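Asker: A structural model of the following input is requested.
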Amino acid sequence: MQQHSNPATKSLWEPSTPGLMTAVLLDEQGARIIELPCQQPEADIAERVGDPRATRVDFTQDTVFWVGETVQHTAELNEGATRFLYGLLSTIASGDYAASDPAAAQAVLNTPGYVPALYGHAIITGTTDDGTPGPLGEAFTRWFEASLAFEAELNAVASLLQELGLYPATVVDVPDNRDSD
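Answerer: Residues are numbered from 1 along each chain as shown. You can find the predicted model right below:
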């Protein structure tokens, strides 16, 4: 008997068709789940980050951030992606993300004068044994889903504060880590 998946119970991470894998796109609209081909996804990644040469940025053992090779010099700081990365590194550093080394994440966060920053669009994938883009791992997908739930709670609180006439001011100053030429 053939089973059909119920769209209401379909996982966020289940691709719509065989031969595709899910990834996360971080752009000016926020974090979105996208699909990439499983075989040779590099061309699609390069197109979505807006640079013919996408380069990998490794902050974790199980996920890769893909950005344009020249984007640090040509694109604006992606504040949402930078906050996303900082949240992931903070979770790893606290020991609540089993797939990566807490000490390494803490070292990145504690580097004097350095704040990890992402410029332009970024794509997050898992990684295969040979270092190519692969499906996202369970540790990341659990963290992402928990982050979505937390974000929804924060938005509900912010809406309530606005309704009450209270306007919390939150300013995050991210230094510009670009190399000056």
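
Asker: which secondary structure elements does the longest helix seen in the chain contact?
Answerer: Longest helix in the chain by number of residues, with DSSP state H as the criterion: helix 138-163. Counting contacts by 3 or more CB pairs under 8 Å, 6 or more residues apart in numbering; DSSP states H and E, helix 138-163 packs against helix 79-93. No exception for glycine: its C-beta is placed from N, CA and C like everyone else's.

Asker: contacting residues around the next helix or strand after the helix it packs on?
Answerer: Toward the C-terminal end, the helix or strand that comes next after helix 79-93 (DSSP states H and E) is helix 102-109. Residues from elsewhere that reach helix 102-109 (CB atoms under 8 Å, 6 or more residues apart in numbering): 59-60, 86, 89-90, 92-95, 114, 116.

Asker: now those as a markdown table including distance to residue 78, pLDDT and neighbour count?
Answerer: Shown next, in a markdown table, are the contacts of helix 102-109 (distance: CB to CB, whole Å; pLDDT from 0 to 100; neighbours: other CB atoms under 10 Å):
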| residue | distance to residue 78 | pLDDT | neighbour count |
| --- | --- | --- | --- |
| 59 | 15 | 82 | 17 |
| 60 | 18 | 82 | 26 |
| 86 | 12 | 89 | 18 |
| 89 | 15 | 90 | 21 |
| 90 | 18 | 90 | 14 |
| 92 | 20 | 90 | 26 |
| 93 | 21 | 91 | 20 |
| 94 | 24 | 89 | 11 |
| 95 | 27 | 88 | 12 |
| 114 | 17 | 83 | 11 |
| 116 | 12 | 85 | 18 |
